[in-house]
Structure formats: C-alpha cells, structure tokens
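> Mind looking at a prediction? Sequence and model below.
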Amino acid sequence: MVQVTPFLLMLSMVLVAPGHSAKKCVLTGRWMNELGSNMTILAVNGKGEFSGFYHTAVTATMNEIQVSPLQGSQHRTNQKSQPTFGFTVNWSFSDSVTVFTGQCFVDDEGNEVLKTMWLLRSQVDDIKNDWKATRVGTNVFIRLHSQQECKWQKGASGSAGSASHSFCSATCFTQ
Ligand code: BTN
C-alpha cells in the first residue's frame, strides 16, 4: 500500500502533463468553425469511417446555401487519442467538392479542437480555366455543446475565396 500511493501520484502527474492529455478527442458531435459554418459528424464505425452533414456559412457561388452531406474516415480508431482524419463534402447546392484533412486535438484547457486544411474544387467549363478552379484554406473547429452558443471573436471573411484565415479563439456561453 505504501508503494501504491507514489505510483498513483506519478501516474496522475503523467496523465495531466502538457501534451499528454488523458482526454480523448472524439470526432462524433456538432462542430463550428471561425467562419460560422456548422457540421455534424455521426458515429465513427469500427473501421474509422463516418458520415455527417455540413452547413457552410459562406459560398463561392451565388446559389442559396443548403445543408450538404459529408463522408470521411479517421485513422487508427482505437490507438490514438488525437487522431488524424479526412472528409469530403459533396455540396448539394453547387457543382463543387471540398476535401478537408486535419487532426483532432485536446488543447491545454481540455477542449477538443479540429485543426484542418481544405481544398475547394469548383467546376469550370473549359480546361483553360483549370488553373483557377481550386481554392485552399484552413479551418479550426470547436465542439458545440447542447444549450451552448459559440461566437468567434474575429476572422470571418464572408467568402470562401481567401487563401488563409486567421486563427482566433472562441468564447462560449451557456444560454
Ligand atoms: C461552394 O461555394 O461551391 C460550396 C461551399 C464551399 C464552402 C467552403 S468549404 C471551405 C470553407 N469552409 C467553410 O466552412 N466553408 C468554406
């Protein structure tokens, strides 16, 4: 018993040490990024595959925004607490497709955050326009909890055209 106590103390110190968070980052749930876009990721299956829905706050088109399906996969479901992942959004209201790739992190405050990069491919009628058909950028997603509103402090550009977006922190409050 005398030897067990120091062991438990050491174990707890290792688990809460920076960069060794005990909390696992889980993709399933509702997320919001700094543009104000929302997505819902449904259950991740045993092979790491998942589907869900994406509601973008911005569009590169003049079309009316509609909720669109997403499909993706997570790497090594049971082995990593901060898994890498990728997903594709097949936009329901345009001829475009966006692929996202990223990693699910638990930050120093214990909050889950998805750091992603994306490529948005727009359809063009002529191969001569291929050079301008792909946009690139980054998005950071935070988890939306039930009964909670999150507002990004800055960074919403209003269009999907910019090459990068400034990272910013979000303030959340309970309604
Ligand atoms: C389109 O405009 O053709 C489809 C919508 C694209 C929205 C982009 S995808 C990358 C970026 N992140 C978002 O949440 N929305 C924009």
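Here it is on my side, so go on. Residues are numbered from 1 along each chain as shown.
> Pretty sure W131 sits in a helix.
Yes: the assignment for W131 (DSSP: H, G, I helix; E, B strand; the rest coil) places it in a helix.
> Make 6 the starting number, not 1.
Okay, using 6 as the starting number, the last item reads as W136.
> Touching, T143 and M122? I think so.
Yes: counting by Cβ atoms under 8 Å, T143 sits close enough to M122 to count as a contact (5.2 Å). (C-beta placed from N, C-alpha, C; glycine too.)
> neighbour count winner among those two?
Each of T143 and M122 has its neighbours counted (other Cβ atoms under 10 Å); T143 has more, 17 against 14.
> What residues does this structure have near the ligand?
Proximity of the chain to the ligand, by Cβ under 6 Å from any ligand atom, involves residues 38, 40, 42, 61, 63-66, 96, 99, 101, 103, 123, 125, 142, 144, 165.
> Recalculate using a threshold of 8 Å.
Residues of the chain that fall close to the ligand, judged by Cβ under 8 Å from any ligand atom: 38, 40-42, 44, 59, 61-66, 68, 70, 73, 94, 96, 98-101, 103, 105, 123, 125, 127, 140, 142, 144, 165.
> show me where this structure has helices.
Using DSSP state H, the helices assigned to the chain run over residues 9-21.
> Next, the distance between the ends of stretch 81-88.
Start-to-end span of stretch 81-88 (Cα to Cα, to the nearest Å) is 7 Å.
> Over to stretch 73-86?
Across its full length, stretch 73-86 reaches 28 Å between end residues, using Cα to Cα.
> so for that stretch, what's the average pLDDT?
If you average the pLDDT over stretch 73-86, you get 87.
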